[in-house]
Structures are given as C-alpha cells and as structure tokens.
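Asker: Quick one: sequence plus predicted model below, questions after.
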Protein chains: 4
Amino acid sequence: MSRNARKTEILRTAAGVFREKGFHGARIQDVADRLGMQKGSLYYYISSKEDLLRGLVEEPIRAMNQEVRELLDTGYAPAQKLARVIELHLRYFQEHRDIFGIFLREDIELLDQTSDSDLRALLRTYEDYWDELLQEGIADGVFREDIDRSVITKAVIGMCNGTFTWFNPDGRYPIQEIARLLADFALRGVCREESVPSERIASP
Amino acid sequence: MSRNARKTEILRTAAGVFREKGFHGARIQDVADRLGMQKGSLYYYISSKEDLLRGLVEEPIRAMNQEVRELLDTGYAPAQKLARVIELHLRYFQEHRDIFGIFLREDIELLDQTSDSDLRALLRTYEDYWDELLQEGIADGVFREDIDRSVITKAVIGMCNGTFTWFNPDGRYPIQEIARLLADFALRGVCREESVPSERIASP
Amino acid sequence: MSRNARKTEILRTAAGVFREKGFHGARIQDVADRLGMQKGSLYYYISSKEDLLRGLVEEPIRAMNQEVRELLDTGYAPAQKLARVIELHLRYFQEHRDIFGIFLREDIELLDQTSDSDLRALLRTYEDYWDELLQEGIADGVFREDIDRSVITKAVIGMCNGTFTWFNPDGRYPIQEIARLLADFALRGVCREESVPSERIASP
Amino acid sequence: MSRNARKTEILRTAAGVFREKGFHGARIQDVADRLGMQKGSLYYYISSKEDLLRGLVEEPIRAMNQEVRELLDTGYAPAQKLARVIELHLRYFQEHRDIFGIFLREDIELLDQTSDSDLRALLRTYEDYWDELLQEGIADGVFREDIDRSVITKAVIGMCNGTFTWFNPDGRYPIQEIARLLADFALRGVCREESVPSERIASP
DNA sequence: AATGAATGAGCATTCATTCAT
DNA sequence: TATGAATGAATGCTCATTCAT
C-alpha cells in the first residue's frame, strides 16, 4: 500500500472515531487500535492529533467546493443553480456526517489557529461561490437587487448547516425533499416577486 | 452571601471562563481562581464540571423561551412577531455569547447524555413556539398554507444560530440590522405573495 | 507536616534520586515512589522536573555563599581566609555530593535558561567573594599585585570543582588534607614570594 | 566514499549536533537530517547513539595524548613543558568544544559503563603524562620535592577543564593569554621558590 | 462553608532501534 | 548501501474529584 493510500486510510478511520467520540473524547490510541497499528506508528503519517483533524476536514470541503464550481459553470438558470447548491450542500453533509459533525463542533477552534489556514481559505471560497451565484441571479433580473449578498449567503449556509443537527435519515422526508423545501424557502427570499419559480421548476 | 447567590456567581464566572477557553480547555481551577476560592470548595456548590455547564446553558434558554412566550401573547401581527422573535434570538445569542457559544459547540454531546433532560425539553419548547407562530400566520391568511412548519422552523433557527459564527459586532451592520435582513428574508419565504410586508413595516 | 517541611522532604528525596540516576535518567515516578506518594501529587509542590532540579541546587549554594560571607567578615589573615574558603568549598561539595554532582553535570543547561536566574546570581556572588578576598590580600601586601583576580578566581574554583570527580573519601587523604594541599598550591600561586606562609600556618 | 570516510563524516556531524543540543537533546534524526540521509541508514555505521558518542570523544583525547607525549619527549625545560601542556589542553578544549563539552557533562555516566573502556585508559594515560612531567621537574630540581604529584596533577587538570565553562572567545583575553596566566599560577605552585621562571620565559 | 492536600487515571508525543526490501 | 515503514516502550504533566479537618 502506498504511503498516500495509507494516509487516506488513516484519515478515514480517524473520521469515524472522532465522530463517535468527539475530537476531545477520542484518543489517538483508539484510532491506532482500529487500524491495528501502534499509536506511535501513526506519527509517521501525521504530526499531531490536531493535524489529523485538520487534514480530515479539508478534503470534503475541497471536493464540495469543486462540485459547486462546476455547477456554477453550467448553463442552468440561477434559481436552479441555487436549488442545486443547497441540495449539494445537504448531500455532502449527510454523506460525510462524520467529518462535518466534527467540523461544526470544532470549527471555531480550528479557524482560530491560523487565520491564513487552508481551511479558512476553503470556507471563504465557498462563500465567494454563493456570492457569485447571487450576483448572477441579480444580473439576470431574477433575484432582487436589494438583497445583501453577504448576509444572505451566510443565512442560507447557516440554514443548511443546521440540518446536520436535526435531519433524520429515517424521518418523514428524505434529504432531497428537505433540500427542495429549503431551496423553495430560500428562493422566495431572494427572487423578485414575479420571478419565484413554481416549485417543481426550481428543483431539479 | 446566600447559597443561591453564591451559586449564581459561580455560574456566571464559569460562563466567562468556558467562553474564553472552551469547555474542554477550561479547568475547574480557572473558575476557582477567578472566584478567589479553592477549587475543592466549588464542589460544595456543583457536583461536576458537566453539571456546571448544564446549569449554565439552561438559564438563558429558559429566559429566552419566556420572552418569546410573552411576545406570542401580544397582539402583534404574525409577521411582526416573526421579525421580533428573530431579533430576540439574535440579541440573546450576542448578549450571552459565552453560553450559547458553549451550547452550540457542545449541545449534541450534552443532549445525548439524558434524552429527558431539561435542556432537551427547553429546546423543544422553543421550536413549539415557532410552530405556534407559523400556525397563527397561516390561520390569519398571511403565511402560505403550504409551508412545512417543522422544516421551516428548523431552517430559520439554523439561520439564526449561524450568526454566532459570523456576526461581528464591529462589522458593517449592528445586530438589529442583521435581524431585520434575516427577518425580511424569512418573511418572503413564508408569506403569501401578496402579503409580504414592505420592509419597514415588517421590522419593529 | 507543614507544607514547607513537605517540600523540603521532596527536595531531599529528589536529590538522592537525581544523583543516583542522573537528571535525565531519573523519572518523576522514581521520586514519587521513594516518597510513597503519587506522581501527580508531587506537582502540588513543584511545577516541573526542571523546577525541582533548580530548587535543589540553589539551596546549598546559598548556604555556602553565606558561610563564605561570614568567613570574609572575620579578622583572619587573607591567606588563612583563602585556605578556609577552599576547605569550605571542598567540604560542601562532599557533604552535598548528590546536589553538586547534578549541578556540575547540568549547570550549563540550567544556566542557559534565564540569564537572570537566582542560580546565576548566586554563582556570581560566590565569584565576587573570591574577588573580594584576593583584593584584600593584595591590599594587605601579601598577595601579588599582578595577578588577574578574575582569572585566578575561576582557576581556583575550577580546581576545587574538579575534586568532585576524583576525590575518594576512602582514599589516601581525607578531604581536609586535600584542601590543605590545594590551598598550599593556590597560595604559592597568589602570594608574593616572601609571603608564602609556611604550610602549617596557612591551613587552620 | 569509503566506509571509513563516511563514518568519519557521521562522527563529525554528530559532534556538531550533540554540541548544539546536548547529547540528550539531540536526536538521531537530527544527525541524519544534517547528513541528508535516513536515520535508519545511520545504523549501518553505528551500533547505538551511545556508541556514537563514545567514538566521538575518544578521538580527540587520543590525539591530545599523543601531542603531550611528543612534547614530553622534547628537550624543553620542565617549566616550559608544563606551560605548553596547559596551553595544549586549553587549545584542544576550545577547538573541540563540541566534543569536550559532551565529555565533561557525560563522562561519569560513560565511564561507569565499563570500567575498562578505552576512554578510561586514555584519561589515565593523560594523568600519567602529567605525573611524568612533574617527576622530571622534581628530578631537575626546579619543582619542589614536597608536592603531591597525584593531587597536583588533578588540581591542574581541574583548573584547565574549568575553562570550558567560563572561557569566552570574545572576551578580554584570547585563549593563549588565559593559558599563560594559568601556567604562571601553576608554576608558582610547583616550583621551588628560587626557580619560578620570570613570566615571559615560562610561556613559550 | 471552606480548605488544602492528595489522588489516580489518563494521554499525546518522542525516539532509538529494527528489518524487510 | 540505503530506504522507509513500523515499533513499542517510555514519561512528564494535567485535572476532575474526593475527603479529612
């Protein structure tokens, strides 16, 4: 197994452990145990427990950013893009519950470390994409001109992040349906009155 | 000083310490130091560090709930109530940053402990109030009938909670302005098209 | 037992352990074991292993300094004072072999830490006393005017410190005899030719 | 590069690292890093960290011994030889500060390991040379008959070793001057009164 | 009500060394 | 010769909690 594959394996395993026990509750020992290796050997791949966490969180955000970027570059109408980004956000959060769970719990701590960390940059990029999306919608005349893009971006992201706490995969609605409801809610918030797409058009 | 006053003083002090260092980063010693007492003596008032945290978080949520209850009982129009609840939520979060900061970071863990904790009940109550508000708006014919009250409630709460991470008191907007922007966004999401209040009416 | 007595007991015990195993070779555990207490409890009295070492070394040097000070303040002739300081130095080194053994091995490290440490000041004081002694002898006309007081001081101290490595209590000479021989050697080095005291006068 | 050259390079590098960080503070990793090789590879040349240290220390002492031997075999007068040995000692200590610094700090430990180590023998030889020198001076009638050769030897060596701690290359005196002052001091200690050489003759 | 001493379990990290390749 | 991965023992220090006084 290549060094890189090994590192990936370690990250994946750590993700599970951190999720189950929380970052503080998890011991490096636990990660090592689950990998069937010595605690000390882990340090051949990581430099600290915090480093492990950081490495863990960055990857899926990076991937998410990339998917959003690709979406923005398509020819979909802004409203549709918005709905799709929300769905994508929710999907990522659910598919990587382990990691985002950690992220949401620890992010403040993580971000405080170095203001120019990769992580901070990634988050800024994600917000920039939202900003771009809103701008496009305004230029197209479908989103209201008077929205505060920065605040709305943060509002929508907060709304999406919140699903982590309350969404239940075994509940009444599947995640796509939640995404549709949230997108509908958000679109009403940003569209000019006459432009609110009828629901079934807004969501893909 | 009465036992109760002392306990309150301890809670308040702990709140500050937890906020500054995080729950895990704070030591009982720190709390004792700041109170000018021995850490052993603290245990005359509290039963554990976790207990301290729990006691801490419940109070402002309880107070918040009460304010919301009172608001709901006024004669304001639903749209106005909604705007005011959002403002209230944001105001509480900022005024008790210490405590809510902890809460947002630790809640899952805390709640998992005992599913029938007071805390869980308080949070349920807060959601119920939102549900009641939305119901009233629908009954009044101002809110759309087809919104999913449960999902929208959670969406709005998530949106408000998010401010904790990004709101900057020294930033462009004061918290009231943020509240207004979020309320406006939310109202567009829930109101029947013809009922969206013009901005300045919506916010108190 | 008072807090202070306890601390003293800890210092004494640590001295023995450090001497036997060397500072690096000794574990805090060893010290705790020998005291019949928990490792963690030690930290109620000390703040770190290094702190333990520092506290250890300072005390006898302080005591030694004081004895030298008192000696300088007597009416003995400079040559006699010199002989007595050497004897005193050797006696301290042998009586506190544990501690000075550590000191000699670790001093560089210890001193590098903070240039204004108590330890450094103590050592400077000790050298100052030697300087004062030499000055007095020169003023009295018994020590040569052309000696470099600073260098000679260091030479004599080095000579004395060296005994730590080679002096054997079970050897041919008792420590007093060694002191006499070294004093004799040193006196010939610093006295004007005609003033070298006949041996038996020089030593007390 | 031959195995031997490689080993020499390793020793030299290790010397620098040990000097900078101390034996305990230095890691094998550091040595490997500075050599641009893997730490595992080092073990092809050395058998342990301690072995590395031992190998390191022996060489310059061996070289020093040899120079002293050669000096003793010249026709210089004993007083001159003594002055030159002191200068040689100081020069070696300064030129190989790295190694002697380690030696002075660790010798006891190292020597304790195997009492019949090469190192111990080398040190004994060095003392024997001093003894021989003193004997020659006595036979020549320039050194006093009543000195205790063994004690004086150790006194002088201690005095010289001490320079390691206090000599500062950027200080008032260059090392040669210190050597001259110490030699002068020592000569007064060992010479018959009438034989103390006038300073400038004593030193070469 | 408060103290001060003691506890004891817990844990990340380091590092010399080994060894298959 | 050299590599790189893995080992595993070692250890200083923290801290919530207890409890006799």
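Answerer: Received it, and whenever you're ready, just let me know what you need. Numbering: from 1, shown residues only, chains lettered A, B, ... in the order given.
Asker: Show me which residues of chain A sit near chain B.
Answerer: Residues of chain A lying near chain B by Cβ under 8 Å from any Cβ of the partner chain: A:22, A:24-25, A:101, A:105-109, A:147-148, A:151-152, A:154-163, A:165-166, A:173, A:178, A:181-182, A:184-186, A:188-190, A:193, A:196. Backbone N, C-alpha and C define where each C-beta goes, glycine included.
Asker: Give me the ChimeraX select line for these, limited to the buried ones.
Answerer: The buried residues among the residues of chain A next to chain B can be selected in ChimeraX (16 or more other Cβ atoms under 10 Å in any protein chain shown) with this line:
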select /A:22,24,101,105,106,107,109,147,148,151,152,154,155,156,157,158,159,160,161,162,163,165,166,173,178,181,182,184,185,186,188,189,190,196
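Asker: domains of chain A?
Answerer: As assigned by automatic domain parsing, chain A contains the domains A:1-46, A:49-202.
Asker: wait, does the shortest one make contact with DNA strand E?
Answerer: Yes: shown here: domain A:1-46 in contact with DNA strand E (Cβ under 7 Å from any atom of the strand) through A:26-29, A:39-40, A:43.
Asker: Adding secondary structure and pLDDT as columns, could you present the residues you listed in JSON lines?
Answerer: Below are these laid out as JSON lines (DSSP: H, G, I helix; E, B strand; the rest coil; pLDDT from 0 to 100):
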{"residue": "A:26", "secondary structure": "coil", "pLDDT": "91"}
{"residue": "A:27", "secondary structure": "coil", "pLDDT": "94"}
{"residue": "A:28", "secondary structure": "helix", "pLDDT": "95"}
{"residue": "A:29", "secondary structure": "helix", "pLDDT": "95"}
{"residue": "A:39", "secondary structure": "helix", "pLDDT": "94"}
{"residue": "A:40", "secondary structure": "helix", "pLDDT": "94"}
{"residue": "A:43", "secondary structure": "coil", "pLDDT": "95"}
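Asker: Contacts only, for residue A:61.
Answerer: Residues near residue A:61 by Cβ atoms under 8 Å, 6 or more residues apart in numbering or on different chains: A:103, A:119, A:122-123, A:126.
Asker: can I get these in a markdown table with secondary structure?
Answerer: Below are the contacts of residue A:61 laid out as a markdown table (DSSP: H, G, I helix; E, B strand; the rest coil):
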| residue | secondary structure |
| --- | --- |
| A:103 | helix |
| A:119 | helix |
| A:122 | helix |
| A:123 | helix |
| A:126 | helix |
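Asker: So which of those wins on neighbours?
Answerer: residue A:103 (22 neighbours; other Cβ atoms under 10 Å in any protein chain shown).
Asker: what's the closest of the contacts of residue A:61 to DNA strand F?
Answerer: residue A:103 (23.7 Å; Cβ to the nearest atom of the strand).
Asker: helix, strand or coil for the closest residue to that closest one other than its chain neighbours?
Answerer: Distances taken as Cβ to Cβ, 6 or more residues apart in numbering or on different chains put residue A:57 closest to residue A:103, at 4.8 Å, once the chain neighbours are dropped. Using three-state DSSP, the secondary structure recorded for residue A:57 is helix.
Asker: Residue A:57 contacts residue A:105, doesn't it?
Answerer: No: when contacts are counted by Cβ atoms under 8 Å, residue A:57 is not listed as touching residue A:105 (10.8 Å).
Asker: Was I right to think residue A:46 contacts residue A:55?
Answerer: Yes: Residue A:46 is within contact range of residue A:55, at 7.2 Å (criterion: Cβ under 8 Å).
Asker: re the thing from before, show the model's pLDDT score for the residue nearest to residue A:103.
Answerer: Listed pLDDT for residue A:57 reads 86.
Asker: now do residue A:116
Answerer: In this prediction, residue A:116 carries a pLDDT score of 59.
Asker: hang on, the earlier thing: ok, so of the contacts of residue A:61, who is nearest residue D:7?
Answerer: Nearest to residue D:7 among the contacts of residue A:61, counting by Cβ to Cβ, is residue A:119 at 46.4 Å.
Asker: do you know how far the closest one is from chain D?
Answerer: For residue A:119, the distance to chain D equals 29 Å [Cβ to the nearest Cβ, to the nearest Å].
Asker: now swap in residue A:1 and tell me
Answerer: As judged by Cβ to the nearest Cβ, residue A:1 and chain D stand 19 Å apart.
Asker: Now that residue. Nearest residue, chain neighbours left out?
Answerer: In this structure, residue A:1 finds its nearest non-sequential neighbour in residue A:9, 7.6 Å apart by Cβ to Cβ, 6+ apart.
Asker: That neighbour and residue A:34 touch, don't they?
Answerer: No: with contacts counted by Cβ under 8 Å, residue A:9 stays clear of residue A:34, the gap being 10.3 Å.
Asker: Secondary structure class of residue A:145, three-state.
Answerer: Bear in mind the rule, three-state DSSP; under it residue A:145 is coil.
Asker: Which of the helices or strands spans the closest residue to it other than its chain neighbours?
Answerer: The shortest distance from residue A:145 to any non-neighbouring residue, by Cβ to Cβ, 6+ apart, is to residue A:138 (5.6 Å). Following DSSP states H and E, one finds residue A:138 within helix A:118-139.
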